[in-house]
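Chemist: compute the structure for the input listed below.
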Amino acid sequence: MFEYMKLFSDRRGAPPGTLEYAGRKREFAPYLTHFSYDGESLVEQAFDPLGEAPDMSDGRVHFLSLTGVHEVEVVKSLGAWGNAHPLMMEDILNTGQRPKLNEQDGQFFVTLRNVNYDPGDKRIQEEQVSLLWSHKLLLAFQESEEDAWASVLERLRKGGKRIRNGGVDYLVVALLDSLVDGAMDTLGKLSVEVQDLESSLARSHGEEALLEVYRVRRDCILLMRNVLLPTHEVLSALKRNEVFAASDEAVHYLGDVLEHALHATEAAKVLHDILGGMMDVHISLAGMRMNNVMKVLTIVATIFIPLTFIAGVYGMNFKNMPELELAWGYPAALGVMLLTALGMVWYIVRKRWF
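Modeler: Next up is the predicted model:
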């Protein structure tokens with residue numbers, strides 16, 4: 001969860017706007033896909049990110065999706081196509097950014113997180129995604145080859161009228177919606193994991209079950225909460241923005257995405273609280289079991305204290321002890337011990353100490 005802080009340590013002392021990649025090591029070469037469309041047609045083609053910019057003067061919507069931001073020159077080239085500020089390009093390359101929104105002269109820049117839960121290693125896979133758009137151009141950046149926009153691109157290819165005719169603003173809302181839906185899907189998988197943990201914790205009282213609950217709460221739920229809270233803030237700020245609000249239809253659908261983000265944020269908080277409650281209950285039950293054990297041992301020790309005293313007295317073997325010559329002295333001593341023990345047991349039960 002804190003791996004990005006280690007990556008940022010290498011940039012200490014660098015001035016603002018310095019373009020250096022800070023993120024996980026990637027083995028593939030970045031590649032760019034260009035989508036050009038209007039209400040009638042769609043053209044999709046691979047494009048050289050280091051070559052000449054595509055012709056975008058035809059009035060169509062142009063969507064450029066870059067996969068892989070680990071090569072600085074590629075990001076600089078696309079940033080130049082979109083007239084991106086150096087600080088925006090710096091945020092794209094620094095892959096540990098908190099979700100945020102910037103707007104300047106009608107140009108918008110959004111940084112968010114794409115998350116997915118892997119049931120195999122029981123870890124959340126996350127990556128940074130960035131969107132930079134203006135009137136007819138949208139640039140999308142993502143770290144890995146896991147396509148964060150697969151569902152949206154499928155709608156584009158199938159020729160959906162709403163997305164084809166909606167313009168850049170509607171396309172942005174669709175991409176944001178796919179990220180929120182991915183977070184909702186991740187929370188659904190995590191809720192199943194939490195239910196399994198709850199059943200496991202009820203069956204097992206060992207340390208392993210408690211440590212697994214703590215791991216899921218720290219590595220998964222806490223991460224989801226820290227992703228969703230600022231994401232909701234970004235969507236709220238975008239909906240309130242006067243420039244973006246000029247597109248009434250896009251704002252209408254953005255409100256629905258915002259509601260989904262709020263629902264996901266609340267679900268993450270609930271899962272966080274549930275796991276915290278599970279840990280508290282487990283610790284309380286362990287304490288109660290220990291108290292019961294100590295109670296039994298204390299009662300046994302309390303019963304044997306007077307018995308040990310009586311046995312000690314009659315085990316001193318002084319010459320002038322009158323009971324030593326009595327034929328019934330031994331059984332009498334045992335009888336006194338038995339009566340003392342039974343009397344203490346009766347007293348403890350009467351007081352409801354056990």
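Chemist: how is this structure divided into domains?
Modeler: 3-284, 291-350 (automatic domain parsing).
Chemist: got those as a markdown table, with mean pLDDT and mean neighbour count columns?
Modeler: Using the backbone N, CA and C atoms, a C-beta is placed for each residue, glycine as well. Shown next, in a markdown table, are the domains of the chain (pLDDT from 0 to 100; neighbours: other Cβ atoms under 10 Å):
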| stretch | mean pLDDT | mean neighbour count |
| --- | --- | --- |
| domain 3-284 | 87 | 17 |
| domain 291-350 | 83 | 12 |
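Chemist: can you tell me how far residue 195 sits from residue 34?
Modeler: According to Cβ to Cβ, to the nearest Å, residue 195 and residue 34 sit 44 Å apart.
Chemist: what of residue 308?
Modeler: 91 Å.
Chemist: got the contact list for the nearest residue to residue 228 once chain neighbours are set aside?
Modeler: Using Cβ to Cβ, 6 or more residues apart in numbering and skipping residues adjacent in sequence, the residue nearest residue 228 is residue 265, 4.3 Å away. Counting by Cβ atoms under 8 Å, 6 or more residues apart in numbering, residue 265 makes contact with 225, 228-229, 231-232.
Chemist: show me these that map onto helices.
Modeler: The helices, defined by DSSP state H, take in 225, 228-229, 231-232 from these.
Chemist: looking at these, which is nearest residue 157?
Modeler: Lowest distance from residue 157 to these (Cβ to Cβ) belongs to residue 231, with 26.8 Å.
Chemist: nearest spatial neighbour of the closest one, skipping sequence neighbours?
Modeler: Using Cβ to Cβ, 6+ apart and skipping the chain neighbours, the partner closest in space to residue 231 is residue 99 (4.9 Å).
Chemist: wait, that neighbour sits on residue 235?
Modeler: No. Applying Cβ atoms under 8 Å as the test, residue 99 and residue 235 come out as separate, 9.2 Å apart.
Chemist: assign residue 88 to helix, strand or coil.
Modeler: Secondary structure, DSSP: H, G, I helix; E, B strand; the rest coil: residue 88 is helix.
Chemist: tell me how far residue 160 lies from residue 177.
Modeler: Residue 160 is 13 Å from residue 177, by Cβ to Cβ.
Chemist: can you name the element that comes right after the helix or strand encompassing residue 294?
Modeler: In the assignment (DSSP states H and E), residue 294 maps to helix 248-313. Next helix or strand after helix 248-313 toward the C-terminus (DSSP H and E): helix 329-350.
Chemist: need the residues that contact that next one.
Modeler: For helix 329-350, the surrounding residues in contact (Cβ under 8 Å, 6+ apart) are 299, 302-303, 306-307, 310-311, 314, 323, 326, 354.
Chemist: kindly report the same for stretch 203-215.
Modeler: 197, 200-201, 275, 278-279, 282-283, 285-286, 289.
Chemist: picking up where we left off before, same list (the ones in helices among the contacts of residue 265) but as TSV, adding distance to residue 245.
Modeler: Formatted as TSV, those follow (distance: Cβ to Cβ, whole Å):
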residue	distance to residue 245
225	28
228	23
229	23
231	19
232	18
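Chemist: just give me the closest of these to residue 81.
Modeler: The nearest one, if we look at the ones in helices among the contacts of residue 265 relative to residue 81 and count by Cβ to Cβ, is residue 231, at 26.6 Å.
Chemist: pretty sure that closest one contacts residue 112?
Modeler: Yes. Counting by Cβ under 8 Å, residue 112 is a contact partner of residue 231 at 5.9 Å.
Chemist: shared neighbours, these two?
Modeler: The contact lists of residue 231 and residue 112 share 99, 179, where a contact means Cβ under 8 Å, 6+ apart.
Chemist: now do the contacts for the closest residue to residue 135 other than its chain neighbours.
Modeler: Leaving aside its sequence neighbours, residue 135 sits nearest to residue 168 (Cβ to Cβ, 6+ apart; 6.7 Å). Residues in contact with residue 168 (Cβ under 8 Å, 6+ apart) are 61, 133-138.
Chemist: among those residues, which are located in strands?
Modeler: If you go by DSSP state E, those have 61, 133, 137-138 in strands.
Chemist: pick out the most distant pair among these.
Modeler: Farthest pair in the ones in strands among the contacts of residue 168 (Cβ to Cβ) is 61 and 133. Separation: 9.9 Å.
Chemist: all strands for the stretch 1-150 of the chain, in order.
Modeler: Assigned by DSSP state E, counting those that start in this stretch, the stretch 1-150 of the chain shows strands spanning 31-37, 42-47, 61-67, 100-104, 107-118, 123-133, 137-142.
Chemist: what's the angle from the third one to strand 31-37?
Modeler: Between the axes of strand 61-67 and strand 31-37, defined by axes from the mean of the first three to the mean of the last three Cα atoms, to 10 degrees, the angle is 160 degrees.
Chemist: just list what strand 61-67 packs against, helices and strands only.
Modeler: strand 31-37, helix 72-81, strand 137-142, helix 167-203 (3 or more Cβ pairs under 8 Å, 6 or more residues apart in numbering; DSSP states H and E).
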